[in-house]
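A.B. asks: Model the following, please.
(one chain, ligands or ions: 1)
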Amino acid sequence: MVRLRLATWLHASPPPTPTSTNPDCIKQNLKPTPEPPASSLEKKHRHQKYQAAEADTNMGRAMPVNKAAPTSLPGMPPSKIVALAQKISTETEKVDIYFRGKGIQTPSFDVDMPGDFPKMPDEISTSRREIIHATRELQDLMVGPRESVRWMAWDFMNTQSLQLLNHYGIANLVPLDGTITIEQLQAKTSLDPINLTRLLRHAMANRLFQEPKPGVIAHTAASKLLAVDGDLQAWVGFNGEEVYPGSAHVVDALRQHPEATSLHHTGFNYAFDTVGKEPMFVTLGKDPRRAQRMAKAMASLTGGEGYELSYLTDGGDGCDLSEVDARGGTLVDLGGSHGFACVHLARKYRNMKFVVQDLPATVASAPDPACADDAQVSQRVRFQAHDFFKEQVVKGADVYFFRWILHNYSRPYAVQLLRNLIPALKPGARIVINDHCLREPGVENPWDERLMRSMDLVMMTLLNAQEREERDFVQLFEQAGDGFVFKVSFSSPLPLSLAPYLF
Ligand SMILES: C[S@@+](CC[C@H](N)C(=O)[O-])C[C@H]1O[C@@H](n2cnc3c(N)ncnc32)[C@H](O)[C@@H]1O
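C.D. replies: Numbers count the residues shown, from 1 in each chain. Below you'll find the model as predicted:
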């Protein structure tokens, strides 16, 4: 049997002591220094100390800082990596002081910790983001270019262990406030013990589940969420079982259809054998279990930070509908699902009327009344089955609203959606688009940038669709017809905001 050994500087075994015969030393071009003889007990102790320090970092506890260590050479500004480390330290202290002042527990993945950060004042949220960005950058710099690329190619393994554990419902089989042995756990699933163990141990590297004693499994705060949050389960299921297979087939789709505009020739179509037959929405719509999972996954996404409906009403002057409200005008929400956006708007605008249009099956399952706790709102929100690829049937409305719709379609389809409105438009009618809006590369903070660029690729995988920049939106309208006037675009000052566009 051959034992393979990975480069030790990337994982939690003791760092190599450079000696002239040590292969790690040769690989890393370290200058060998004579190694003092160490007893096996000393070596074991050194290893344990290293692991303890690693564990301290992992569990979010403070590690002792060597105060005496110089952070820059005299007369020279600190290097990039030291500047990042200093920023992390400064901003972390601000968050820590805030937490202590409020009596909030220091962040950790302990099973009893809440799944989300508490709502914090803007300046503390800013500190949190700074820490996230700086730690990521420092990590990247420390890992280095070659190793970054090497292991980026394995990112999908995180999806794999997550998807499989979620598929087999393992989180629900682990007690929420106790432990279970792997044998007991295995008896509850059809996974064999070896596969169950290797999946769990991979997931543990991502802080999902923990093994307090060998062979004994318990939850972390993250794995517990997979047991108690149905929408998060659906999010993992949808991404693991619909997007992930589709993603593996994008190369087939692009090789056969490099123009990448058709809803029937996507990675998803290749993965699920529906090439040239039907778009993803139709495939999922035929299977209530998959359709419901996608709906719940979307609820999980849009329930997250930055996607709050409040941005629609409190996000700036651009989406102020007071004037429409004053004359009791009408808003049509195309692809409005179960009407939650209209209900939110109707709570603020008490005179407007709302028409929520969607496919018949969605309309049939919409809540009735639309708003359980406000009859005045329910009276003004009505549902209507309407295919937005057909001519608009509500003529002369004041506002036509697309929320999370245009990004589902490549340019030919998106232009068609706008053209279908033209016969219904009265002078002065507004079209409001609420979608991601990509900015120039590097303008967005790194967290948002990665999310939005990933969302862009998800849209490509499933629907040959895309996220757009402001000029892309403008071009859609230019192609759809004359007479559209671009009025204003705005985004919320907070991250992850959706940017409504008003035409
Ligand atoms: C991504 S969801 C957006 C839902 C909602 N606007 C929101 O803000 O969450 C897309 C919606 O478009 C609907 N849809 C898909 N094809 C449609 C069509 N041809 N006509 C009308 N609605 C459609 C779907 O049923 C779904 O509710």
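A.B. asks: For the rest of this, base every contact and every neighbour count on C-alpha atoms.
C.D. replies: Fine.
A.B. asks: distance of residue 447 from residue 356?
C.D. replies: 33 Å (C-alpha to C-alpha, to the nearest Å).
A.B. asks: what do you get for residue 204?
C.D. replies: Taking C-alpha to C-alpha, one finds residue 204 at 44 Å from residue 356.
A.B. asks: what mean pLDDT does stretch 163-177 have?
C.D. replies: Model confidence over stretch 163-177, given as mean pLDDT, is 97.
A.B. asks: And stretch 203-211, by the same measure?
C.D. replies: Computed over stretch 203-211, the average pLDDT equals 98.
A.B. asks: what's the neighbour count on residue 239?
C.D. replies: Residues within reach of residue 239, counting by other C-alpha atoms under 10 Å, total 19.
A.B. asks: what's the answer for residue 195, then?
C.D. replies: Neighbours of residue 195 using other C-alpha under 10 Å come to 11.
A.B. asks: roughly how far apart are it and the ligand?
C.D. replies: 36 Å (C-alpha to the nearest ligand atom, to the nearest Å).
A.B. asks: in the stretch 351-500 of the chain, which spans are strands?
C.D. replies: For the stretch 351-500 of the chain, the strands defined by DSSP state E, counting those that start in this stretch cover 353-358, 381-385, 399-403, 430-435, 437-438, 468-469, 488-489, 499-502.
A.B. asks: To residue 337, which of those strands lies closest?
C.D. replies: strand 353-358 (5.9 Å; C-alpha to C-alpha).
A.B. asks: With the ligand in mind, check whether that closest one reaches it.
C.D. replies: Yes: using C-alpha under 6 Å from any ligand atom, strand 353-358 comes into contact with the ligand via residue 358.
A.B. asks: That strand pairs with which strands, parallel or anti?
C.D. replies: strand 330-334 (parallel), strand 381-385 (parallel) (DSSP bridges).
A.B. asks: hang on, the earlier thing: when residue 447 and residue 356 are compared, which one has more neighbours?
C.D. replies: Set side by side, residue 447 and residue 356 show more neighbours around residue 356, with 26 against 15, by other C-alpha under 10 Å.
A.B. asks: next structured bit after whatever helix or strand residue 89 lives in?
C.D. replies: Using DSSP states H and E, the element containing residue 89 is helix 80-102. Counting by DSSP H and E, the next helix or strand C-terminal to helix 80-102 is helix 122-143.
A.B. asks: What lies in contact with that following helix?
C.D. replies: 10, 81, 84-85, 87-88, 91-92, 94-95, 98, 148, 445-447 (C-alpha atoms under 8 Å, 6 or more residues apart in numbering).
A.B. asks: Near the ligand, which residues of this protein? Just list them.
C.D. replies: So the chain meets the ligand at 335-337, 358-359, 362, 386-389, 403-405 (C-alpha under 6 Å from any ligand atom).
A.B. asks: PyMOL command for the buried members of the residues you listed?
C.D. replies: The PyMOL selection below is limited to those of the residues of the chain next to the ligand classed as buried (16 or more other C-alpha atoms under 10 Å):
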select buried, resi 335+336+337+358+359+362+386+387+388+403+405
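A.B. asks: Now do residue 366 against the ligand, distance only.
C.D. replies: 10 Å.
A.B. asks: Might one say that that residue is in contact with residue 338?
C.D. replies: Yes: in this structure residue 366 lies within contact range of residue 338 using C-alpha atoms under 8 Å: 4.9 Å.
A.B. asks: before we move on, the earlier item: could you work out the most separated pair of the contacts of helix 122-143?
C.D. replies: Greatest spacing in these, by C-alpha to C-alpha: 98 and 148 (34.1 Å).
A.B. asks: Return the member of the contacts of helix 122-143 nearest to the ligand.
C.D. replies: Distance to the ligand, by C-alpha to the nearest ligand atom, is smallest for residue 447 among the contacts of helix 122-143, at 22.0 Å.
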